[in-house]
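with the sequence up front, the predicted model follows.
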Amino acid sequence: AGAAARALAGQQSAAVALPVLDEADAAAVVEGITLGAYSFDQYKSGDPTTPVQSVTLIGPGVKAKGVKDAVARAETVAAAVNRARDWVNIPPRDLTPATFADAATKLAKSAKLDVEVLDEKALAKGGYGGLIGVGQGSVHPPRLVRVAYRPSRAKKHVAFVGKGITFDSGGLSLKPADSMVEMKSDMSGAAAVIAAVHAIAQLGTKVAVTAYAAMAENMPSGSAQRPSDVITIYGGKTVEVLNTDAEGRLVLADGIVRAGEDEPDLIIDVATLTGAAVVALGKRVSGIMANDEELGAKIHDTAGRAGEAMWPLPLPAEMREKLDSPVADIANIGDRWGGALQGGLFLQEFVADGIGWAHLDIAGPAFSDKAFGYTPKGGTGAAVRTLVQLVEDVADGVI
């Protein structure tokens, strides 16, 4: 359905006659069409080829019980994915931490969600050393956005934390030029968590959800943090910054500690964290790391049912010593071996005792260099569907 929708670009309407026998089939077709019909043309001059405007489903099961609700859910979730794609595709000169925070606030308020935005002054006063340290080299100061969904009679609470680096030059540990080309996508985790919580609110899922989006721009300048600087993360733990290009974990650490103060049952962080995850799993598979093996296995199952390829990775205890620092509580990098796992081990240090936690490294799937199936070239909206399905699983007692 997604491939068909892409091929139908330029058509006003179409009918799709796939074997729709029940609500699951209908949802799959509608999700595929909505995702496949996506386009991002706002920066193109002239008349762009518009996606197909309307699609009619034809099949023996289109009037089956539950189809209407299944189709509505599919449209809501796919729209959230497309919203995240839009944010990822916007050039970094136009999506700074401040403008991203404004966009997230506008979306949240449209669903009557509670929103709090901490600017650079509030972050400095509050001791958010990760966000301040990463953002201090840029003329565009950092933000921390908190969006809260609080349905009545909710018995569980899930927190999302998303990495929102609106552009990642690597800082003073400068990336090679070719490696910067896709770095407008380094805010994909923040886009995913904000879009997901909005969709969850629209669906009315009976689970409380709080999303934290840690937004900063990582740039080299005379005011940028230096390799060997020591910063203090929110909550008091110190970090020796050995490589300024391992910045995502610094802003996530602030977000994870703050999320823990809300005492959720579960924290899920989402980030384009490591190139090592792409080396290990390729461009289409995300990594899952968790502080509980059973939780990691459940999230793996959840992702599969949501339609996203993810794979569990370990957090070997013996690798933790690679992050030891002689001058701080922890260093932000170790050696080159198992870099994705070391990123997970670093983040685990900031999770409060007694809280389940999982880390989704979406560095590979967050941005695609070509279109295929229902996936466009550019931002993909990775992890949105998994986050929505995960909260539904929490509501159903699966997680």
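Perfect, thanks for sending it.

tell me where the stretch 201-350 of the chain has strands.
Ranges of strands in the stretch 201-350 of the chain, per DSSP state E, counting those that start in this stretch, are 208-218, 229-232, 238-241, 266-271, 286-290, 310-312, 330-331.

for the third one, which strands pair with it and how are they oriented?
Sheet pairing for strand 238-241, assigned by DSSP bridges, gives strand 229-232 (antiparallel), strand 330-331 (parallel).

and the shortest one, how far out from the chain middle?
Here strand 330-331 shows a centroid-to-chain-centroid distance of 24 Å under the convention C-alpha atoms, centre = their mean, to the nearest Å.

identify the residues contacting it?
For strand 330-331, contacts defined as C-beta atoms under 8 Å, 6 or more residues apart in numbering pick out Lys237, Thr238, Val239, Glu240, Val241, Leu242, Leu323, Asp324, Ser325, Phe346, Glu349. From N, CA and C alone the C-beta is placed, and that goes for glycine too.

same thing but at 6 Å, please
The contact list for strand 330-331 (C-beta atoms under 6 Å, 6 or more residues apart in numbering) reads Val239, Glu240, Leu242, Leu323, Ser325, Glu349.

that older thread, including distance to Gly255, could the strands paired with strand 238-241 go into TSV?
Formatted as TSV, the strands paired with strand 238-241 follow (distance: least, C-beta to C-beta, whole Å):
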stretch	distance to Gly255
strand 229-232	15
strand 330-331	16
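
closest one to Gly137 among these?
Counting by C-beta to C-beta, Gly137 lies closest to strand 229-232 out of those; the figure is 11.3 Å.

figure out how far the closest one is from the centre of its chain.
Using C-alpha atoms, centre = their mean, the offset of strand 229-232 from its chain centre is 26 Å.

can you say which of the strands of the stretch 201-350 of the chain is nearest to Val391?
So among those, strand 208-218 is nearest, using C-beta to C-beta, at 6.0 Å.

distance from that closest one to the middle of the chain?
9 Å.

use 390 as the first number from now on
Will do, 390 is the new start, and the previous item becomes strand 597-607.

ok so, going back, for the contacts of strand 719-720, which one is nearest Asp414?
Using C-beta to C-beta, the contacts of strand 719-720 come closest to Asp414 at Glu738, 44.8 Å.

excluding chain neighbours, give the residue nearest to that closest one in space.
Nearest non-adjacent residue to Glu738, counting by C-beta to C-beta, 6 or more residues apart in numbering: Ile719, 5.9 Å away.

show the model's pLDDT score for the one you found.
At Ile719, the pLDDT value in this model is 98.

what about it, neighbour count?
Other residues lying near Ile719 total 20 when counted by other C-beta atoms under 10 Å.

what bridges to it?
Beta-bridge partners of Ile719, as defined by DSSP bridges: Val628.
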